[in-house]
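> Following is a predicted model, sequence given first.
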Amino acid sequence: IGIDPAEGGDSTSMSAINRWGLKEQLSRKTPNTDDIPREALAFMFAHKVRPEKVCFDRGGGGKQHADRMRAMGYPVMTVAFGESILMDLKRGKRQFTEKLENREERYQYLNRRAEMYGDTSILTDPCEQGFAIPFEYQELRRQLGLMPKIYDAEGRLRMLPKTNKDPNSKEMTLVK
């Protein structure tokens with residue numbers, strides 16, 4: 001389960017997936033963000049997903065929601081879209097091939113957000129047999145299809161920012 005919590009004008013989104021694709025996606029405005037951990041637990045139980053397989057976007061209050069759930073005994077994860085590509089935490093020694101793959105991935109994507117989009121775009125490619133997005137979520141597929149694949153000067157995939165922090169900026173954004 002992936003959860004992108006929101007406050008203000010955005011919507012909180014919860015997505016449950018399995019190896020075949022998107023099972024369910026919920027999205028709604030959450031003016032009372034205290035609802036988010038409670039709804040996350042209900043979503044988790046409805047899909048019979050262990051807490052270790054639930055991941056919050058750290059931004060938009062996600063870290064605080066994850067901390068609250070951990071305090072309740074549910075060891076959920078967080079991810080920061082802007083962080084660099086790092087190997088997932090794991091106890092024990094790493095194999096040389098794992099370290100090599102991680103090093104190569106760090107030069108393939110600018111940050112975690114670009115990595116997640118790049119991997120998802122490969123999985124959802126209609127020419128591949130992979131990840132399915134059911135018909136009822138065709139708006140999601142449309143939105144994903146509008147996101148351009150752009151690369152930095154070093155050839156790493158990067159994403160456009162969601163919005164411009166500077167109102168005078170002419171840089172293209174995902175919202176535009």
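Thanks, I have it. Residues are numbered from 1 along each chain as shown.
> what about residue 115, how many neighbours?
Residue 115 sits with 21 neighbouring residues when counted by other Cβ atoms under 10 Å. All C-beta atoms are positioned from the backbone trio N, CA, C, and that covers glycine.
> ugh, wrong one, residue 171
10.
> That one: what's it in contact with?
By Cβ atoms under 8 Å, 6 or more residues apart in numbering, the contact list for residue 171 reads 160-161, 164.
> same deal with residue 24?
15-16, 47.
> Now neighbour count and pLDDT too, for the contacts of residue 171, in JSON lines please.
Shown next, in JSON lines, are the contacts of residue 171 (neighbours: other Cβ atoms under 10 Å; pLDDT from 0 to 100):
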{"residue": "160", "neighbour count": "15", "pLDDT": "86"}
{"residue": "161", "neighbour count": "15", "pLDDT": "82"}
{"residue": "164", "neighbour count": "15", "pLDDT": "82"}
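> Ranking helices and strands of this protein by mean pLDDT, which lands last?
The weakest-scoring helix or strand in the chain, judged by mean pLDDT, DSSP states H and E, is helix 96-106 (a mean of 56).
> Out of the contacts of residue 24, who's the most crowded?
Neighbour tally across these (other Cβ under 10 Å): the maximum, 20 neighbours, falls on residue 16.
> elements contacting the host helix or strand of that one?
Secondary structure from DSSP states H and E places residue 16 in strand 11-18. Here strand 11-18 touches strand 2-4, strand 21-29, helix 35-46, going by 3 or more Cβ pairs under 8 Å, 6 or more residues apart in numbering; DSSP states H and E.
> Nothing else from me, thank you.
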